[in-house]
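*Asks:* Following is a predicted model, sequence given first.
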Amino acid sequence: LNIKCLGVIPYIIKKNLKNEDVALLINSKLTDGRFPDSIRSVRSVVKNILKDDKKVIAVTSTIAGEGKTTVCANIAISFAAMGKKVLLVDCDLKNPSVLKTLRVNEDELQYSTVTDKYKIAYLEKHKIHIMTLISDNNTNEFVNSGNLSDIFSFVKADYDLVFVDTPPCSVVSDAMFIAQ
């Protein structure tokens, strides 16, 4: 993937009232200073290495459960807090989890854009747009067919930054194709 380490984010587990793990969000009262500070630190590094023509940032991990969706969502939220127009794309077609991480029920969303390949909605609470991809059950074909390249070419003109939450790269090949 030709990637660099952009920072270190502490591993913090929070439980809800049902004793289920809850993803931390930097704009939540559940988080202490270490977590938001680490996200802002990564945001600063990303901001400093981005070129004007590079707007799409993919976030992945080696296996499920390492926190890639939490990290991706929080970095997107932190850029939005700086006044950037941000799109967060859930590209894990086999295990989509962006909405769950953001504690959003899909039934409550009002999509502003709906095509045969994706839907986009604005989340006022987080000041970000989210994209949900629409695919039949053949995710490899969707990812490898050029659909994502076409979608990203189209949407990146409308956003300052596009963050892509990908599947784990050691489990499925989707992350490698998305990174290209």
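*Replies:* Received it, and whenever you're ready, just let me know what you need.
*Asks:* Now the closest residue to Ser61 other than its chain neighbours. Its backbone dihedrals?
*Replies:* Leaving aside its sequence neighbours, Ser61 sits nearest to Lys68 (C-beta to C-beta, 6 or more residues apart in numbering; 4.2 Å). C-beta coordinates here come from the backbone N, C-alpha and C atoms, glycine included. Note on Lys68: backbone dihedrals following degrees, to the nearest 10 are phi -60, psi -40.
*Asks:* and Lys68, what does it touch?
*Replies:* Counting by C-beta atoms under 8 Å, 6 or more residues apart in numbering, Lys68 touches Val59, Thr60, Ser61, Asp165, Thr166, Pro168.
*Asks:* The first one reaches Thr166, doesn't it?
*Replies:* Right, the one you point to is Val59. Yes - counting by C-beta atoms under 8 Å, Val59 does reach Thr166; the two are 6.7 Å apart.
*Asks:* more neighbours, those two?
*Replies:* The neighbour count for Val59 versus Thr166, taken as other C-beta atoms under 10 Å, is higher for Thr166 (25 against 21).
*Asks:* ok, that one touching Thr62?
*Replies:* No - between Thr166 and Thr62 there is no contact under C-beta under 8 Å: 11.7 Å.
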